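Q: need a structure here:
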Amino acid sequence: MKKSTQSIYMAILALLIILPVVAYAIIGKYLDSSTADKENRVMTEMPTLTNTQISEFPTLFDAYVNDNLPYKNYLVTLNSMIDYHIFNTSSSDDVIVGDNGWLFYIGHENNDEDPLADYAGTNLYSQEELELIAANMIAARDFLASQGKEFVITMIPNKSRVYSEYMPDMCGPVNEECRLNQVYQYLSENTDLTIVSPYSDILKYKEAHPETQLYFKYDTHWNNFGAYVAAQSIARVWGFEMPDLDTVEHVYANSDTYDLARMINMGDYLKEQAPVATAYSGHMAKVEILADGMSFTGTVESGIADERKLFIIGDSFSALLFPYLACHFNSSKSDMYYNYNYTSLEEYDPDVVVFECVERYLNNMLHFSIENGVVY
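A: From the prediction side, this is the model:
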């Protein structure tokens, strides 16, 4: 009986090992195996001894197996769901889970950003760094002014600063003595630069309308309403008044920009309805996204908006901001930092240049020039 039982156990074990392999051979082509799309990288190809050094073969083969493991996406997603729903933790070192399932970015994907240090106010700039930021911004303003162009700076708060109430308890309270306020105060008090920080307007609207979300729950960016409130603040520089957000026509729609959800392998499952303003100006801009996805153009086809040309240099937050500023000008263009070059600006020949920077990228101001862009 004992030997028979062992045989049964061995048969069951063999089936558990063999059946998934056989099943995958039959249905694998119908399953989601798009690792490259989900992780935004090229999958590792099967190495061969004819084109691979023996010393490198084990590492490359291991990477190939990891990329092509049967049911990988489903297993990874299952693990992420358990982490998120049961343990309230994240499967990514770059993302933390806050209260009510809110996701926050804490990684270091670009240069020396540090969102947690921004939140805690432990990375304040030195006097020398503040002076360098001021010098860079003044140099940009003066260079453009010599060509008859206007220069406006705007700085956007991190999501964790605006929605600090959802941050995990281990992060402590948000510190208002931070780089965002430090740079704004220094430039305001020590230069005559035109600088807009919509942080206070965003907080004011959030407090008056707690039911209206201004940043995505599962993404690091603001949503259309957050961008709209910021645009109201910036537009006042040129004397443009935008309708109160409460009176603006809008719809709710799903978005595919939930970057934090994707980073924890739950992009297909964590969804939310986001507000999109549909009518907010008597001269709406027709916005086109260029092929690289990092540049935008805006045109008020009726030609009844401001005749000056607008050019925005910014990060990914500028994407949703752009339509709300573009509606004020007959012609507008936007380039993200890492796609910007002076030739593009020179050829477009704008009258107004806006430099937009989110809080976690403020170090870009230490390395920016109109002629060279952001150079580290």
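
Q: what about the strands in the chain?
A: 95-97, 103-105, 150-156, 194-196, 249-253, 274-279, 286-289, 295-299, 306-314, 329-336, 352-358, 368-369, 373-374 (DSSP state E).

Q: Output those as JSON lines; include the columns mean neighbour count and distance to residue 5.
A: C-beta coordinates here come from the backbone N, C-alpha and C atoms, glycine included. Shown next, in JSON lines, are those (neighbours: other C-beta atoms under 10 Å; distance: least, C-beta to C-beta, whole Å):
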{"stretch": "strand 95-97", "mean neighbour count": "22", "distance to residue 5": "44"}
{"stretch": "strand 103-105", "mean neighbour count": "25", "distance to residue 5": "48"}
{"stretch": "strand 150-156", "mean neighbour count": "23", "distance to residue 5": "66"}
{"stretch": "strand 194-196", "mean neighbour count": "18", "distance to residue 5": "76"}
{"stretch": "strand 249-253", "mean neighbour count": "11", "distance to residue 5": "59"}
{"stretch": "strand 274-279", "mean neighbour count": "17", "distance to residue 5": "57"}
{"stretch": "strand 286-289", "mean neighbour count": "13", "distance to residue 5": "65"}
{"stretch": "strand 295-299", "mean neighbour count": "19", "distance to residue 5": "69"}
{"stretch": "strand 306-314", "mean neighbour count": "21", "distance to residue 5": "68"}
{"stretch": "strand 329-336", "mean neighbour count": "24", "distance to residue 5": "65"}
{"stretch": "strand 352-358", "mean neighbour count": "24", "distance to residue 5": "63"}
{"stretch": "strand 368-369", "mean neighbour count": "18", "distance to residue 5": "73"}
{"stretch": "strand 373-374", "mean neighbour count": "20", "distance to residue 5": "68"}
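
Q: Ignoring the adjacent residues along the chain, who's closest to residue 102?
A: Nearest residue to residue 102, sequence neighbours excluded (C-beta to C-beta, 6 or more residues apart in numbering): residue 166, at 4.0 Å.

Q: Hmm, the one you found is touching residue 103, no?
A: No - Residue 166 is beyond contact range of residue 103, at 9.3 Å (criterion: C-beta atoms under 8 Å).

Q: give me the number of residues near residue 208?
A: 9 (other C-beta atoms under 10 Å).

Q: how near is it to residue 229?
A: 11 Å (C-beta to C-beta, to the nearest Å).

Q: Quick check, residue 115 in contact with residue 106.
A: Yes - judged on C-beta under 8 Å, residue 115 makes contact with residue 106 at a distance of 5.2 Å.
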